[in-house]
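Peer 1: sequence? don't have it. structure:
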């Protein structure tokens with residue numbers, strides 16, 4: 001388990017063999033996770049009623065929220081007064097979930113990006129590019145006659161105009177044997193990314 005603390009922001013993400021009980025015991029918190037379906041919906045926790053969404057935001061201190069991923073992007077945003085945690089697969093990313101979360105903030109101080117699949121491993125077929133908006137086609141990569149899509153470059157380009165500082169790990173979920181990866185066959189197990197403000 002990795003724990004990152006930036007001012008009053010806490011972010012935790014799990015590795016293989018760790019689950020929500022591990023987080024609860026270590027930090028004495030009880031994180032809330034949304035019902036994720038690869039949407040671009042972001043719900044405010046104080047109004048949340050088990051709606052389908054792929055991001056939560058809360059204004060409450062010491063209230064932990066999180067997402068579950070296994071190659072998709074786990075993203076934390078904060079202005080140190082409220083915090084959002086987002087699950088962004090390619091569908092959510094190209095349909096605007098990051099922008100929908102950013103709209104909830106006047107000024108995002110920090111974006112923290114937990115591990116996800118990097119372009120080295122995110123191979124796609126040619127028809128993948130028929131399903132994404134034109135502005136995302138610039139993130140197409142080609143190497144040894146194989147096609148790849150860079151979630152990372154797309155995400156950073158979305159964040160840069162709106163975020164003061166971006167923190168991210170270099171870990172790729174598919175490359176790293178200590179992290180769950182759907183593309184490595186982890187169909188049920190998920191990495192948890194949880195954040196809260198003190």
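Peer 2: Cool, got the structure. Only a predicted model underlies this, so the values are computations on that prediction, with no experimental measurement involved.

Peer 1: residue boundaries of the helices in the chain?
Peer 2: Taking DSSP state H as the criterion, the chain carries its helices at 20-27, 90-94, 97-102, 151-159.

Peer 1: And those: which comes nearest residue 121?
Peer 2: Across the helices of the chain, residue 121 has its closest neighbour in helix 151-159 (10.5 Å, Cβ to Cβ). In this view, the C-beta of every residue, glycine as well, is placed from N, C-alpha and C.

Peer 1: which helices and strands sit right next to that closest one?
Peer 2: Contact analysis of helix 151-159 by 3 or more Cβ pairs under 8 Å, 6 or more residues apart in numbering; DSSP states H and E lists strand 73-78, helix 90-94, helix 97-102, strand 163-168 as its packing neighbours.

Peer 1: and the closest residue to residue 89 other than its chain neighbours, what is it in contact with?
Peer 2: Taking Cβ to Cβ, 6 or more residues apart in numbering as the measure, residue 89 lies nearest to residue 72, with 4.0 Å between them; neighbours along the chain are not counted. Contacts were defined as Cβ atoms under 8 Å, 6 or more residues apart in numbering; by that measure residue 72 touches 87, 88, 89, 92, 116, 117.

Peer 1: Direction included, what does the least confident helix or strand in the chain by mean pLDDT pair against?
Peer 2: Of all helical and strand segments in the chain, the minimum by mean pLDDT, DSSP states H and E falls on strand 140-143, at a mean of 92. Looking at strand 140-143 with DSSP bridges, its paired strands and their directions are strand 146-149 (antiparallel).

Peer 1: how about the least confident helix or strand of the chain: buried residues?
Peer 2: Across strand 140-143, burial judged by 16 or more other Cβ atoms under 10 Å covers residue 140.

Peer 1: beta partners of the spatially most central residue of the chain?
Peer 2: The chain has residue 74 as the residue nearest its centroid, 1.5 Å off, counting by Cα atoms, centre = their mean. With DSSP bridges as the criterion, residue 74 is bridged to residue 87.
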